[in-house]
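A.B. asks: Turn this into a model:
(2 chains)
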Amino acid sequence: MATETLIWLLPLPPVLAFFLIVLFTNKNKALSHTIGVGAAALSWLGSMVVFSRALGVEHLGERPFTSSIPWLPTGETWLRIGVLIDPLGAAVLFFVAWTIFMIFLYSVGYHNFGQPEGDHDRPGLQPHGATVTDEHGHRHVVPSVEPMYSRFFAFLGLFAFGMYTLVVSDNLLTLFVGWEIMGLCSYLLIGFWYGKESARNAAVKAFMTTRIGDVFMLLGIAFLYSATGTLTFREIFTEEVLHALATTTTPILGLSAVGLIALLLFIGTVGKSAQWPLHVWLPDAMEGPTPVSAMIHAATMVSAGVYAVIRMFPLLTADFDGHTLTTAMSVVAFIGAFTALFAATIAVAQNDIKRVLAYSTISQLGYMIAALGIGAYVAAAFHLITHAFFKALLFLGSGSVIHGMEHGVLHTGNHHVDPQDMFNMGGLRKKMPITFWTFLVGGFALSGFPLITAGFWSKDEILADAFGHGHLAVFVTLAVAAFLTAFYTMRQITLTFLGEPRTKEAEHAQETPWTMTVPLIVLSVFAVTYGWVGIPEHFPLFGGILPNWFHNFVGSTLAEEPEALPFNLIPLMTSLVVALGGLLLGWLAYRNVKTPAEDKLQIPLLKNKWYFDEAYDFLFIKPSYWFAETFVYKWMDKGVIDGILHAFGHATAFLGTWIRNYIDKAIINELIGDGSARLTQWFGGRLRPIQTGRIQQYMLASLGVLIVIGGLMFSLLVK
Amino acid sequence: MIPLSWYLILSAALFSIGLFGVLARRNAIAILLGIELMLNAVNINLVSFWRYGDVTQMAGQVFAIIVFAVAAAEVAVGLALIISVYRTRKTVVADELDLMKW
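C.D. replies: Residues are numbered from 1 along each chain as shown, chains lettered A, B, ... in the order given. As a prediction, the model looks like this:
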């Protein structure tokens, strides 16, 4: 099959699976997950074929796989949609295919396939466990299967469709379509257990917050289209178009057109990739089932935000001279670096195992954004991919931990123990060895453990880029953030896996089934080895053993390939010190901590996430409610609009009463109607006596009248 | 030849007597008689005007004959009515037949 055709077909299996499951196989759990996982496997296979073919093409950056068809006629021209796999697309496709496939597989185990139906399970709530009686007559409580199992795979399928569409599209239009499909799916999946109020609220929050970004992104797309007349990447990223855009000025902040477009598109990314100030939705999104967290917060949706900025990199840097950052780039770099540090400080004080990872994700995405802001294209893409692998690994690992803890909770029957609180865990390394080792790999990769983990190489490259190009503020911020990252990662590992169990539930935790551990192992392999494809050439000892394939491959996407940086010892030493120092300090500080009270870093400011939720509540949500309820509803609607209507009503009623009283009743009724009647009655009454009924009187009267008339006629006519 | 005015005076006298009868008498039959007198006064007029006018025109006589026929029919109907009234009311006094009163 031609590669282009294959690329067109990549997004289709998941969406077909979605429709099949929703329409036909919803009742049958086994068939549904077979279809779902099968579709993911098909797309994975196709992606691997595309990826391997892409590797075989020389100068893929100049001659990518691309094909497009006209879609919407717009007057004289057509909006074209199409597919594009260039080096960046191929690299992203690689990790997307792997993580999506692993997450599908993992979901089978996470939702307890093969376990009995729960005793009291209801759709919309987490499964609560089922009681079974074994052959000896003992009763056990075991995990029960998710009631909406099929539905989950259907949503995952649609989500995967959105991501594949986004990755393979060659234009902003279909990219945005995939982007929005994912937005919808994240809403559906975060609110998957819609029986919980917190899940419902989190779903709405995620949807609304990302919507803010999406609106700006749509504005950016519209502006771009009106300025250039095309949305296809390869038509936009030509010398002439970029130059024309860079030399056009806009009335907003003195930005050039290209800067404004880049910033508008970037705001979409801020929402989608949960950057400050739109980061608030991501931690709450942890209400969803864990594979969803991994899917949304590692592999797909948040990465999509960064991917969009990487794609739009030529726009962002169109008027960049190579030394001084442009306004747009400064904004991007500031938001990225600030988010990286800011989210890391919050992660230090969180106790929920998934929330720590959520803030860590925000922080790491900030890294990539900061890297893009300073023009480190390859480093950002590299970190995006390594991060997707190890963060998916960590999320799935945390899901495995939670799953094991839930097993313990079912065993003891004490449902007050929160299976996600790290202070309820401890000592899980013995109970869940595979989860422990893979989590350790993921955690070390996240911390940037030197030399062996992928996270080290990608993070080091960002730091080296920041230092090498003289962006010292960004460098220092990111270094501090990296230190905190290592610290909270080690805190998490220590609290969860090391030491002794803090609760009975932790003592009875159990390793999870193979469908969950296999994805962990596969992802942990990538979390280590993927770093090796991007080792800088001038790195001491290791440099040059393996060629810096990633830099050359992804770098060739751009028209001007970025130069490889000369090696510098300072960033290397910095990343070594912060990673190892953070890890060591985290272990030292938490190895003997038994309760949250002993944790010195549980300071309210960090614990409450710098009060951002409260601040937004006060600044935006309360005013919105006030605006909606008091201003619009009470004042405008009930006061002004209803007031006007009531005034009209009252005036009309008054006028009506007046007309009734003074015109209708007085004139029409009394005067004309009743008056004429009374007049007639009066005359009748007066004339009545002459009707005596005596014929002779009538005749006499007639005679009299005759005489009078006769006399008159005689006197008048005869004379 | 007797002048026309004599006939007219006779006729007027006869009409007045009839009119007086109609207006003054209380008995319904007497009233009917008064009507007959008035009709005959008219007949005298009709015939006299014919005789003193163009004799070749027969209109006056024809009218008189028609009046006779009508009077005869009228009396027949009138008497029948009076008899009917008498049967139900046991009276033929005009003043007592006042059902048309309000």
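
A.B. asks: And the next helix or strand past the helix or strand hosting residue A:31?
C.D. replies: Taking DSSP states H and E as the definition, residue A:31 sits inside helix A:29-56. Of the helices and strands lying after helix A:29-56 in sequence (DSSP H and E), the nearest is strand A:65-74.

A.B. asks: Mind listing residues that contact that next one?
C.D. replies: Contacts with strand A:65-74, where a contact means CB atoms under 8 Å, 6 or more residues apart in numbering or on different chains, come from A:3-4, A:7-8, A:50, A:53-54, A:57, A:78-86, A:170-171, A:232, A:234. (Each C-beta comes from the backbone N, C-alpha and C, glycine too.)

A.B. asks: list the helices and strands whatever helix or strand comes next after that strand packs on?
C.D. replies: On the C-terminal side of strand A:65-74, the nearest following helix or strand under DSSP H and E is strand A:77-85. Packing contacts for strand A:77-85, counted by 3 or more CB pairs under 8 Å, 6 or more residues apart in numbering or on different chains; DSSP states H and E, involve helix A:3-9, strand A:65-74, helix A:149-168, helix A:172-190.

A.B. asks: Swap in 10 Å and give it another go.
C.D. replies: Counting contacts by 3 or more CB pairs under 10 Å, 6 or more residues apart in numbering or on different chains; DSSP states H and E, strand A:77-85 packs against helix A:3-9, helix A:29-56, strand A:65-74, helix A:87-110, helix A:149-168, helix A:172-190, helix A:233-236.

A.B. asks: Let me know the angle separating the fourth one from helix A:29-56.
C.D. replies: What that stands for is helix A:87-110. 160 degrees (axes from the mean of the first three to the mean of the last three CA atoms, to 10 degrees).

A.B. asks: could you point out which element follows helix A:87-110?
C.D. replies: Following helix A:87-110 toward the C-terminus (DSSP H and E): strand A:130-133.

A.B. asks: Which positions in the following helix or strand past that next one come out as buried?
C.D. replies: On the C-terminal side of strand A:130-133, the closest following helix or strand by DSSP H and E is strand A:139-142. Applying a neighbour-count criterion of 16 or more other CB atoms under 10 Å in any protein chain shown, one finds A:141, A:142 buried in strand A:139-142.

A.B. asks: shaky segments in chain B?
C.D. replies: B:102 (pLDDT under 70).

A.B. asks: 80 instead?
C.D. replies: B:1, B:97-102 (pLDDT under 80).

A.B. asks: about what we covered before: please work out the average pLDDT along the helix holding residue A:31.
C.D. replies: Averaged over helix A:29-56, pLDDT sits at 89.

A.B. asks: Contacts only, for residue 24.
C.D. replies: Looking at chain A here, since you left the chain open. Applying CB atoms under 10 Å, 6 or more residues apart in numbering or on different chains to residue A:24 gives the contacts A:31, A:32, A:35.

A.B. asks: You answered for a different chain; I wanted chain B.
C.D. replies: A:696, A:700, B:30, B:31, B:34.

A.B. asks: Of the residues you listed, which is the most crowded?
C.D. replies: The most crowded member of the contacts of residue B:24, judged by other CB atoms under 10 Å in any protein chain shown, is residue B:31 (23 neighbours).

A.B. asks: starting at the chain centroid, how far to the helix or strand containing it?
C.D. replies: If you go by DSSP H and E, residue B:31 is part of helix B:28-52. Chain-centre distance of helix B:28-52: 5 Å, with CA atoms, centre = their mean, to the nearest Å.

A.B. asks: Same question for stretch A:178-186.
C.D. replies: Stretch A:178-186 sits 7 Å away from the centroid of its parent chain (CA atoms, centre = their mean).

A.B. asks: Quick check: closest non-adjacent residue to residue 37.
C.D. replies: If you meant another chain, say so; for now it's chain A. Nearest-residue entry for residue A:37: residue A:104, 4.8 Å, with adjacent residues in sequence omitted and distances by CB to CB, 6 or more residues apart in numbering or on different chains.

A.B. asks: actually it's chain B I care about, not the one you picked
C.D. replies: When the adjacent residues along the chain are set aside, residue B:37 lies closest to residue B:18, with 3.0 Å between them (CB to CB, 6+ apart).
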